[in-house]
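Sequence plus the predicted model coming up.
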Amino acid sequence: MSRPVIKVENLSKQYRLGGYGTGTLTDDLKKWWCKVRGKEDPFLVVGESNDRSKIGNSQYVWALRDIDFEVQQGEVVGLIGKNGAGKSTLLKVLSKVTGPTLGKAYLKGRVGSMLEVGTGFHLELSGRENIFLNGTILGMRKKEVAKKLDAIVEFAGVARYLETPVKRYSSGMTVRLAFAVAAHLEPEILLVDEVLAVGDAEFQKKCIGKMGEVSDEGRTILFVSHNLGSMRRLCNRGVLLENGGMSYVGNIDTALEKYLSGGGSENGQANNNRIKFERKDQLAQLTEIAIVDAGGEAKSNYYYGDDIFVLIKYLITEDTRNIAIRFSLARNGELLFLTQDVDRHENLLGKKDAGEYSTRIKLPGYLKSGLYTLSVYIIEVGKIREEKIDILQFSLDDSNTDTTNKSYAPDKPGLIKPGLIWEYIDFPVHAI
Amino acid sequence: MKDQYWDTILSNKQPFFQLKLGEVWQSRDLLWLFTKRDIAQLYKQTILGPLWFFIQPLLATIVFTIVFGGMAGMPTDGIPPMLFYLSGQIFWMFFAETLNKSSTTFRDNQAIFGKVYFARLIVPLSIVINSAIKFGIQFFLFLIFYFFFQFVMGAEIHPKAPLLLLPVLLLMTGALGMGVGLIITSMTTKYRDLTFLVTFGVQLLMFLTPSVIVPVSEFYKKYPAIAPYVVGLNPLTAIIETFKYGFLGEGAFTWPYFITSIIMTIIIFLTGVLFFNKTEKNFMDVI
């Protein structure tokens, strides 16, 4: 039976930009004066939406504005949004680190938060002492930690170093230990902020597995990550935040799709899967990017067997020798590969004459079904001149594949479907 | 959904009077671990370890004995000067250390407070306990001198019944130091101007606390006009005087005076806790 464990109602959080000084003192006095007279805080009216890239008129911004959603027990909810969209602020408010400016949030059950790995770790203390300290800071009782000590040590894989001060640990070991402690918390609600970005691949896998287990036990997770792949695997629902406001709540796939397609509208004019850019007075600039089929038509849905091309047009205004064009492709948020126009033509070394260029790159046939996103860059001697991250996306569908009489599983693990040929060199003749 | 259904409700409004002692009780394990951490941190990689706690009050006492007792010839109510200054010193150090450390609670802990929520009061409480442990070690030093003067030097010392108030005195000193510290840390998160005053102010306060250096009787003789206010309004003086009266037999102790001091201590402590709890909620945004 599902029951709500988190309810957020019109939650808003206002921040003041800039430093503190005499200017803020006058504002504080005004606020105080309004409060004394029983009037509404005047600065709650002036706040602007939190778009970090634009200069606003007001010193006050809304890091969160009218956030409204409900989470049922056992759900894993992903918070999605660009940097500065308000994901971490939301987690901070829910974990009581800072209070909301307006609105309310209701929580049912014990809340554990992991906003940072290793909060309160003390370098002078040994691994064992830190397990206890960190566990208690995160809300466990000492007895509980003692009960789980063995499991934590095993999960972290630091048995040999248990009595050594943490300052002698490698950074990876510290992180493993810290995550191990947090992973063994048993709160009814777990708030996790971008912690999977640490540790080696094997450990990351372990962490994701652990989080899956946690949700299977009926506990609720609210989760921020930029690893969209793990997000898609773990979450059932998504909350999409944009400049502090909430733009979508619901199914995780839809949320991710909206998030990924949101990148395009910001940068230029998107038409199907073709974007044209206005010309600027720059040495090198992108003029058009598209994802097209063999006939040159820009589409966003493809099937197995279709030829898919990336089309990049750019303009060089003076002769130059240092410009390279690069693009990368990610599948379900996980980077698949990265390629440059100079990779195959090293003798060119980026030498380009002034004029317009148009390139067409055929994507390899080993792509698996999924949601693909394209990022395009102009590189000048190793540094990025222009970047269009997650600018276009397309989906690849395998539903047209004839699976009759084939042991074909559409979603085998792994990132690619290489279509390898198994050649038997030697085999017993009467095998069957 | 009814409000009772939920365990936690977060909003910008909260009751004015909120001590959150239940929360503190629930995280008592953390209090113990923080205390242990701070002690361990002090001793790690030192050779003399806790012996350092002896050296500080001892040096101060010797300096006071030479400067005030010897050179300035200040009377000490007939108590051996060493004992007089030492008893003032150990209480003063307990108070001053608690105050100084808890007055930077928010600033020193912003990294951890910004990432995880637990009963914030645990931090200043662990500071008090740590200072109290230090006091315990220094009190042991005091006892050594006490018995030395009494039995070896044959000084005339007549302990009195209020000696048994020692635990109360300790509690009061801790509460007082923490209370003032909490008020300061709450007032300095946004505008830090006041922090410049703290270190200097605490030093100055020592001279405004008769009994640490100057006996109360002497203070009355020298400054009859202000003495009643300075002595009466400073709860710390009453604490030290009670200690001296109990252990050394000389001191300005009366029950009404002592009880006034208790009431003032409680008021200061509660004010500190209320300020602290009010500030705690949003301090991360302004510190």
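On my side now, so go ahead. Numbering: from 1, shown residues only, chains lettered A, B, ... in the order given.

only C-alpha atoms for contact and neighbour calcs from this point on.
Noted.

Going by proximity to chain B, name the top residue of the stretch 301-432 of chain A.
For the stretch 301-432 of chain A and chain B, the shortest gap (CA to the nearest CA) falls at residue A:333, measuring 27.1 Å.

Verify the stated contact: that residue with residue A:374.
No: shown here, residue A:333 and residue A:374 do not form a contact pair, counting by CA atoms under 8 Å, at 10.1 Å.

what does the stretch 151-287 of chain B put close to chain A?
Proximity of the stretch 151-287 of chain B to chain A (CA under 8 Å from any CA of the partner chain) is limited to residues B:190-191, B:281-285.

Now do the same for residue A:352: its pLDDT.
Confidence at residue A:352, expressed as pLDDT, is 82.

which residue ranges form the strands in chain B?
B:8-10 (DSSP state E).

mind listing the helices for it?
With helices called from DSSP state H, chain B shows them at B:21-26, B:28-43, B:52-64, B:81-102, B:105-108, B:110-113, B:122-147, B:166-187, B:195-207, B:216-222, B:227-233, B:235-248, B:255-280, B:283-286.

is it possible to export the ones you listed to CSV including mean neighbour count?
As requested, those are exported to CSV (neighbours: other CA atoms under 10 Å in any protein chain shown):
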stretch, mean neighbour count
helix B:21-26, 13
helix B:28-43, 18
helix B:52-64, 17
helix B:81-102, 24
helix B:105-108, 19
helix B:110-113, 17
helix B:122-147, 19
helix B:166-187, 23
helix B:195-207, 13
helix B:216-222, 16
helix B:227-233, 16
helix B:235-248, 25
helix B:255-280, 19
helix B:283-286, 17
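
Which of these comes out lowest on mean pLDDT?
helix B:283-286 (a mean of 78).

contact partners of it?
Outside of helix B:283-286, the residues within contact range by CA atoms under 8 Å, 6 or more residues apart in numbering or on different chains are A:15, A:97-98, B:106, B:110, B:113-114, B:189-190.

Apply 10 Å and report the result again.
A:14-16, A:19-20, A:97-99, B:106-107, B:110-111, B:113-115, B:186, B:189-191, B:276 (CA atoms under 10 Å, 6 or more residues apart in numbering or on different chains).

Need the CA coordinates for it. PDB is fine.
Extracted in PDB, the C-alpha atoms of helix B:283-286 (Å, rounded to 0.1, in the frame of the first residue of the first chain):
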ATOM      1  CA  PHE B 283      22.300  30.900   9.200                       C
ATOM      2  CA  MET B 284      23.700  28.900   6.300                       C
ATOM      3  CA  ASP B 285      22.300  31.600   3.900                       C
ATOM      4  CA  VAL B 286      24.000  34.500   5.600                       C
END
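
which residue is nearest the middle of the chain?
No chain specified, so I'll use chain A. Among the residues of chain A, residue A:226 comes closest to the average C-alpha position under CA atoms, centre = their mean, at 1.3 Å.

Let me rephrase: I mean chain B.
Centroid-nearest residue in chain B: residue B:95, 2.2 Å away (criterion: CA atoms, centre = their mean).

gap between it and residue B:103?
Separation of residue B:95 from residue B:103 (CA to CA, to the nearest Å) stands at 12 Å.

Mutual contacts of those two, please.
Shared contacts of residue B:95 and residue B:103, defined by CA under 10 Å, 6+ apart, comprise B:177-178, B:180-181.

What about the residue in the stretch 151-287 of chain B positioned nearest to chain A, how many residues nearby?
Across the stretch 151-287 of chain B, no residue is closer to chain A than residue B:282, which sits at 5.1 Å (CA to the nearest CA). Counted by other CA atoms under 10 Å in any protein chain shown, the residues lying close to residue B:282 total 18.

ok, it - contacts?
Contact criterion CA under 10 Å, 6+ apart gives A:93, A:96-101, B:12 as the residues in contact with residue B:282.

again, only using 7 Å
Applying CA atoms under 7 Å, 6 or more residues apart in numbering or on different chains, we find residue B:282 in contact with A:98-99.

same question, residue A:319
Taking CA under 7 Å, 6+ apart as the test, what residue A:319 contacts is A:352-354.

which among the residues you listed gets closest to residue A:366?
residue A:352 (31.6 Å; CA to CA).

mind listing what the nearest residue to the closest one once chain neighbours are set aside touches?
Nearest in space to residue A:352, with sequence neighbours left out and distances taken as CA to CA, 6 or more residues apart in numbering or on different chains, is residue A:320 at 5.3 Å. Residues near residue A:320 by CA under 7 Å, 6+ apart: A:351-353.

Give me the contacts around stretch A:295-308.
A:272-274, A:290-294, A:362-363, A:393-398, A:400-401.

first to last residue in that stretch, what's the distance?
End-to-end for stretch A:295-308, by CA to CA: 10 Å.

Tell me which residues of that stretch come out buried.
For stretch A:295-308, burial by neighbour count (16 or more other CA atoms under 10 Å in any protein chain shown) applies to A:298-300, A:302, A:304, A:308.

For the closest residue to the residue of the stretch 301-432 of chain A closest to chain B other than its chain neighbours, the count of nearby residues, please.
The shortest distance from residue A:333 to any residue other than its chain neighbours is 4.4 Å, reached at residue A:228 (CA to CA, 6+ apart). Residue A:228 has 19 neighbours, counted by other CA under 10 Å.

what's the single longest strand in chain A?
strand A:383-397.

now the contacts of residue A:320 as TSV including distance to residue A:88 and secondary structure?
TSV is the format used below for the contacts of residue A:320 (distance: CA to CA, whole Å; DSSP: H, G, I helix; E, B strand; the rest coil):
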residue	distance to residue A:88	secondary structure
A:351	44	coil
A:352	44	strand
A:353	46	coil
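
Please pick the buried ones from the residues you listed.
Counted by 16+ other CA under 10 Å, the contacts of residue A:320 give residue A:352 as buried.

got the domain boundaries for chain A?
For chain A, automatic domain parsing gives the domain ranges A:4-9+A:65-259, A:268-397.

surely residue A:239 meets residue A:249?
Yes: contact criterion CA atoms under 7 Å: residue A:239 and residue A:249 qualify, at 4.5 Å.

Which of the two has more residues huddled nearby?
More crowded of residue A:239 and residue A:249, by other CA under 10 Å: residue A:239, with 27 against 19.

can you pull up the bridge partners for that one?
Applying DSSP bridges to residue A:239 yields these beta-bridge partners: residue A:79, residue A:249.

Thank you, goodbye.
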